[in-house]
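[1] Below are the sequence and a predicted model; questions follow.
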Amino acid sequence: MKKLQPFKKLSKQFYTRNLLTVVRELPGKILVKKYGKTFLAGKIVEVEAYDGMIDKAAHTFTGKTKRNEIMFNDGGYFYVYFTYGAHFCCNIVTGKKDHGTAVLIRAVEPLAGIKKMSLNRYNKITLTEKEKLNLTSGPGKVCEAFGITKEHYGLDLTGDKIFLLDRPKLKKSEIVVTKRIGIKKSVDLPWRFYIKDNPYVSRK
DNA sequence: ATCAAGATTACCT
DNA sequence: GGTAATCTTGATA
């Protein structure tokens, strides 16, 4: 009989390891945002790594600015940015202080608070099948569904507003590795990781 | 002060 | 498949 693992918050030590170690372990973990007395939650199904030291696509590649300064902290902080005049995207800062590394959360599978997510995305509760799959299948969609905005910039992920829950490690065969999406620089780095056959992954 | 780009999305054919 | 929308940020002057 397999022991049921309790849902435990990921610790500071999880995040302060190297970017590429953390990014491989993030698929399958659970993103949680406190919402009043309840919670919004989703299983992380797609992520990308960004490393300012060697990666021209990273916001930290050209040094510290007001926007990216949280990425130069040690791991365990939330980096939120605004783009294309419309969308927020959220990231998990990793590594040691001054590394400038983070993981973009590209897609999650909704687990709890789905009604609230539906309201945030579509301003209604009853969704078509297509709309359900479109709820959190992209970085901007995740933030809209969870109500994540610049006010969440810099949050400590060991706190209780936004955090991740641990889950058993996935097998290597369950994770697909590809080049990243939607960037024009350093396009060949194989730093996108997603859960095989999961319908909420943004693109095959 | 001005300007171009952008870790996207929704909607179109 | 392609592209308009939309505005913050960072770079350049």
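    Okay, I see it.

[2] okay, the spatially most central residue of chain A: pLDDT?
    For chain A, residue A:105 is the residue whose C-alpha lies nearest the centre (Cα atoms, centre = their mean; 2.2 Å). Note on residue A:105: pLDDT of 98.

[3] And residue A:4, by the same measure?
    Residue-level pLDDT assigned to residue A:4 equals 75.

[4] secondary structure class for it?
    Secondary structure, DSSP: H, G, I helix; E, B strand; the rest coil: residue A:4 is coil.

[5] which ones are touching it?
    Contacts for residue A:4 (Cβ atoms under 8 Å, 6 or more residues apart in numbering) come out as none. Using the backbone N, CA and C atoms, a C-beta is placed for each residue, glycine as well.

[6] For DNA strand B, see how far away it is.
    33 Å (Cβ to the nearest atom of the strand, to the nearest Å).

[7] Could you report the neighbour count for the residue in chain A that DNA strand B sits nearest to?
    In chain A, the residue that lies nearest DNA strand B is residue A:182 (1.9 Å; Cβ to the nearest atom of the strand). Counted with other Cβ atoms under 10 Å, residues neighbouring residue A:182 total 14.

[8] contacts for stretch A:124-139?
    A:42, A:87, A:89-90, A:104-110, A:114-115, A:117-119, A:121-122, A:141-142, A:145-146, A:199-202.

[9] Now look at it and say if it contacts DNA strand B.
    Yes - applying Cβ under 7 Å from any atom of the strand, one finds stretch A:124-139 touching DNA strand B at A:134, A:138-139.
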